[in-house]
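*Asks:* Provided below for reference: sequence and predicted model.
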Amino acid sequence: MACVSTTAILAMLFLYFTGCTTITFKSKTHKPESTSPEISEGFYFLSENVFAENGTFSSDNTTTIARGKELKMEELSKSTLDEKCDGGLPISASWQYYGPYAKSSTKMNSKLGVEGIFPHLINKMLNFCCNMSTVVSYGKIIKSIRKLEGQLDDPQAAYDLTFPITGISEDDKTFKDLQFIPVVQAPRVALLVLDKDMTDQTSQLLMTVTKAWPILVFIIVAATLSGMIIWALDRLKNPDEFPPPFISGTWEGFWWAFVTMTTVGYGDRAPKSLLARVFCIVWILVGIIIIAIFTAIITASLSASIQHHFTVHGSKVGAVSGSEEQRLGVSLNADMIPYQSIPEMNKALLNQTLNGSLIDNYVLTHYSDYIKFNPVRIETTYNHPITYGIVLRDNSSKMVECFRSYVRNHPQEVFEIIAKNLQPLINPTDAESQEVKASRELFFYREPSFKFVLHVLLSVVGFLLLFGALWELLYRKPKARQLKAQRSENPGTYLALSQMRGGNCDCHEMMLNHQTIQAIKDKSIRIKELIKEYEEFYEKWLTKVRDVERDDNGHITPNMV
């Protein structure tokens, strides 16, 4: 180690006296890793050194501090990226906030912070490849991936570093004829959908029953026909249960057929003739089949309603404009809706403007709270690797080679940076099968349609209970007391009415008013008068008959009355 250190010192002195004041690149053994200074996890800019997407600045008037002196941006723009790296000059960058690859930070209140996988890794590579004073000190924020890639169309106007840029594979070397360094690959793409269907299960069940009206009509028609047949076969043998009149007899037959078909079988109607009983056996078998068909239709509908398999093709699916997720959605025949940013797309999904959205699984970890606190679930994931990397401007061959060497020879450090910026993601629906959940929540009280039906039923029952109580207190009981008083005053009238009804006096049915009672009284008096007149007439008539039968001596003639 002493020999190596002495050789390094002599080499540095030789370069100094020969006029070479900078060292092009650091060797991997330039100093022990433990003695390296702490490397920042992001870029932290002064507000005047960060330019908005549509903002412009004058390179003649804009300055920055480099190597202890003030330099104009115009001077920096004339230097190549390799020269900036060797000379410890500030480096520029353009990026899009696309967590966890690049995300805003508020650690340093007075400065604008950019952290994430790429800023942290770039700082590591700059520390490894460039002068110790080389840092990213100014840059530009781009709002979308498409615009980020679009600014690379003019290589002369490109910033020193541009990220995150989507590549085709980890073997890509260039992007738009500029040097491209693959950094991280997201292995899968997740499909997000709403955890609840737009139509709840209760409404779907009611719609299914409504759409099954042909089988309902068939059931009623078949029961009517069966009722007519059983009436025709059994009306002579069993006229008490199936009356001879066509209308009443057919109605009793329909009632028997419907009850028998549904396997309830009250037993209030039963065929007695031989042919009627044979037909009854046939109808029982046919009825079971008809009801089984109807039940199968409803069961199949319920089974289909609890199958939460999202159909991608033809559905409205969102993705970030220009992203690999958008290309994947197009290949799946989805109706792709592009968005400039993921928050905008997430909002559209909650508003049900979209049926689903495609996001790579690394980006999805940055929005774990969105999944945790909203009715959103991961429907499925697609094995579709997406490579993200850095694009370097022209004349940066040495720096590109060093960056590639660092990524290739330090996989563990790269992995640790990636893992540090990812959050464990739990799909809220993984704990319970979607089919079990849907079947458990069928007719669940939280569904709007079930609440509506329940409230209507409660309102009707409450109204009828109130109406019945008022009718009982204000009408029936006072009327019953009045009738009881009238009955006690005129017991003969009520006794006569009881006899006229066959001796069965139902006070609840005999709600007679005062005029009716008075009419009965008048008729009763008139009947008594007629009876009295009849008795008087009979006595007079009998006396005259007896006078005719007597002889002159006053004796009754024999063989006479």
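*Replies:* Looks like it arrived, so ask away.
*Asks:* residue ranges for the strands of the stretch 351-500 of the chain, please.
*Replies:* Chain-ordered strands for the stretch 351-500 of the chain, with DSSP state E, counting those that start in this stretch as the definition, fall at 356-360, 376-382, 386-392.
*Asks:* Least confident of the ones you listed, on average?
*Replies:* When the strands of the stretch 351-500 of the chain are compared by mean pLDDT, strand 376-382 comes last with a mean of 89.
*Asks:* Give the bridge partners for residue 317, please.
*Replies:* residue 336, residue 356 (DSSP bridges).
*Asks:* that older thread, turn the strands of the stretch 351-500 of the chain into CSV, including mean neighbour count and distance to residue 146.
*Replies:* In this view, the C-beta of every residue, glycine as well, is placed from N, C-alpha and C. Shown next, in CSV, are the strands of the stretch 351-500 of the chain (neighbours: other CB atoms under 10 Å; distance: least, CB to CB, whole Å):
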stretch, mean neighbour count, distance to residue 146
strand 356-360, 25, 16
strand 376-382, 18, 22
strand 386-392, 24, 15
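*Asks:* Ok, which of the ones you listed comes nearest residue 480?
*Replies:* Residue 480 sits nearest to strand 376-382 of all those, at 63.5 Å, using CB to CB.
*Asks:* mind listing what the nearest residue in space to residue 421 that is not next to it in sequence touches?
*Replies:* In this structure, residue 421 finds its nearest non-sequential neighbour in residue 100, 4.1 Å apart by CB to CB, 6 or more residues apart in numbering. Neighbour list for residue 100: 116-117, 362-363, 365-366, 421-422 [criterion: CB atoms under 8 Å, 6 or more residues apart in numbering].
*Asks:* mind checking pLDDT for residue 100?
*Replies:* 92.
*Asks:* what does residue 440 give?
*Replies:* Taking residue 440 on its own, its pLDDT is 53.
*Asks:* Please apply the same query to the one 10 residues further on.
*Replies:* Reading off the confidence values, residue 450 has pLDDT 69.
*Asks:* One more: residue 321?
*Replies:* For residue 321, pLDDT reads 90.
*Asks:* which residue packs closest to it, ignoring adjacent ones?
*Replies:* residue 338 (3.7 Å).
*Asks:* Give me the distance between that neighbour and residue 323.
*Replies:* Distance of residue 338 to residue 323, given as CB to CB, to the nearest Å: 9 Å.
*Asks:* When these two are compared, which one has more neighbours?
*Replies:* Ranked by neighbour count (other CB atoms under 10 Å), residue 338 and residue 323 place residue 323 first, with 24 against 16.
*Asks:* Surely that one touches residue 145?
*Replies:* Yes: taking contacts as CB atoms under 8 Å, residue 323 lies within contact range of residue 145: 5.6 Å.
*Asks:* Would you mind grabbing the residues shared as contacts by the two?
*Replies:* Taking CB under 8 Å, 6+ apart as the criterion, residue 323 and residue 145 both touch residue 166.
*Asks:* mind showing which ranges of the stretch 51-200 of the chain have poor pLDDT?
*Replies:* Low-confidence segments of the stretch 51-200 of the chain (pLDDT under 70): 52-75, 107-111, 196-200.
*Asks:* Spit out the contact partners of residue 233.
*Replies:* Residue 233 touches 271, 273, 275-276, 279, counting by CB under 8 Å, 6+ apart.
*Asks:* Most neighbours among those, please name it.
*Replies:* Counting by other CB under 10 Å, top hit in the contacts of residue 233: residue 271 with 24 neighbours.
*Asks:* what number of residues lie near residue 236?
*Replies:* 11.
*Asks:* residues touching it, list them.
*Replies:* By CB under 8 Å, 6+ apart, residue 236 lies in contact with residue 273.
*Asks:* again, 10 Å this time
*Replies:* For residue 236, the contacting residues are 242, 244, 272-273, by CB atoms under 10 Å, 6 or more residues apart in numbering.
*Asks:* Quick check: it vs residue 310, distance?
*Replies:* On the measure of CB to CB, residue 236 and residue 310 end up 64 Å apart.
*Asks:* do residue 210 as well
*Replies:* Taking CB to CB as the measure, residue 210 falls 25 Å from residue 310.
*Asks:* Over to residue 455?
*Replies:* Taking CB to CB, one finds residue 455 at 32 Å from residue 310.
*Asks:* Could you do residue 411 as well?
*Replies:* Separation of residue 411 from residue 310 (CB to CB) stands at 36 Å.
*Asks:* neighbour count winner among the two?
*Replies:* residue 310 (15 against 9).
*Asks:* How about the more buried one: what's its closest non-neighbour residue?
*Replies:* Nearest non-adjacent residue to residue 310 (CB to CB, 6+ apart): residue 379, at 4.6 Å.
*Asks:* export the contacts of residue 233 to JSON lines and tack on pLDDT?
*Replies:* Output for the contacts of residue 233, formatted as JSON lines (pLDDT from 0 to 100):
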{"residue": "271", "pLDDT": "91"}
{"residue": "273", "pLDDT": "92"}
{"residue": "275", "pLDDT": "93"}
{"residue": "276", "pLDDT": "93"}
{"residue": "279", "pLDDT": "94"}
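*Asks:* Walk me through the domains of the protein.
*Replies:* Listed domain ranges for the chain are 42-55+68-189+387-421, 201-307+447-457, 316-372+381-385 (source: the TED database).
*Asks:* Make a markdown table from the ones you listed and add distance to residue 518 to it.
*Replies:* Compiled in a markdown table, these are given as follows (distance: least, CB to CB, whole Å):
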| stretch | distance to residue 518 |
| --- | --- |
| domain 42-55+68-189+387-421 | 93 |
| domain 201-307+447-457 | 39 |
| domain 316-372+381-385 | 73 |
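*Asks:* so which of those domains comes closest to residue 525?
*Replies:* It's domain 201-307+447-457; of the domains of the chain, that one is closest to residue 525 (CB to CB) at 42.4 Å.
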